[in-house]
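1. Provide a 3D model corresponding to the input given below.
(one chain, ligands or ions: 1)
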Amino acid sequence: MVEDAELEWYYRGLGNEKVLIGMGRELNAPATDGPNMDFLPKIRGATTYRAPRLANFELIGGTSGIRPITPDILPIIGPVQSVGGFVNCCGWGGEGIMHSPAGGVIVANQITGASTSFVDTRLFLASRFV
Ligand SMILES: Cc1cc2nc3c(=O)[nH]c(=O)nc-3n(C[C@H](O)[C@H](O)[C@H](O)COP(=O)(O)OP(=O)(O)OC[C@H]3O[C@@H](n4cnc5c(N)ncnc54)[C@H](O)[C@@H]3O)c2cc1C
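-> Predicted structure coming up:
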């Protein structure tokens, strides 16, 4: 998966010469059941900028919906100080499947009191937005 975090644009191969391209950071866009074709020029523009060889893609389908993207792109993981026993693991945006093993380890460590060595988990606390 290749992502431009600034544009919140990404693509990944689906096999059989198909590619999934996604984009979007609108705070108040309408939620529709199907693809929003008004959005196509913006996606094609970002694709031309980041992956020119994909720019002339032929559209075969699409979808639209709400994604939980945080202001700094990072997820929200960790205990909530004001609610005893409550641990967040959300805000994964467009990467929650890929990162779910690591997220699971972090949350499990926080619940059991073990330390997490592979990342500074303070980066993910909800309190960073306060
Ligand atoms: C089009 C698209 C493509 C994506 N592609 C990728 C990809 O290639 N790789 C990748 O890693 N990630 C991808 N993602 C992102 C990934 O799907 C998410 O990050 C991940 O699913 C988030 O998991 P989650 O468990 O945090 O939340 P969710 O999967 O959203 O689960 C939350 C659940 O809570 C339920 N819920 C909500 N409110 C309530 C309530 N009040 N009471 C009870 N239940 C409630 C919801 O119904 C839902 O089942 C993609 C997302 C989209 C939309």
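2. Now do stretch 49-64: distance from first to last residue.
-> For stretch 49-64, the first and last residues are 22 Å from each other (CA to CA, to the nearest Å).
3. Any buried residues in it, and which?
-> 50, 51, 64 (16 or more other CB atoms under 10 Å). Heads up, the C-betas are built off the backbone N, CA and C, glycines and all.
4. Quick one: residues contacting the residue in the chain that the ligand sits nearest to.
-> Going by CB to the nearest ligand atom, the ligand is nearest to residue 96 of the chain, at 2.1 Å. Going by CB atoms under 8 Å, 6 or more residues apart in numbering, residue 96 touches 75, 103.
5. tell me which parts of the chain are close to the ligand?
-> 1, 12, 22, 63, 65, 67, 90, 92, 94-98 (CB under 6 Å from any ligand atom).
6. let's see it at 5 Å
-> 92, 94, 95, 96, 97, 98 (CB under 5 Å from any ligand atom).
7. Which pLDDT value belongs to the second one?
-> It refers to residue 94. On the pLDDT scale, residue 94 is placed at 81.
8. Could you check how far it is from residue 116?
-> Residue 94 sits 23 Å away from residue 116 when distances are taken as CB to CB, to the nearest Å.
9. More neighbours: the two, which one.
-> More neighbours surround residue 94 than the other of residue 94 and residue 116, with 20 against 15 (other CB atoms under 10 Å).
10. Spell out the secondary structure type for the more buried one.
-> Following DSSP: H, G, I helix; E, B strand; the rest coil, residue 94 is assigned to coil.
11. Going by residue numbers, what spans are helices in this structure?
-> Remark: helices assigned in the chain by DSSP state H are 40-50, 100-112.
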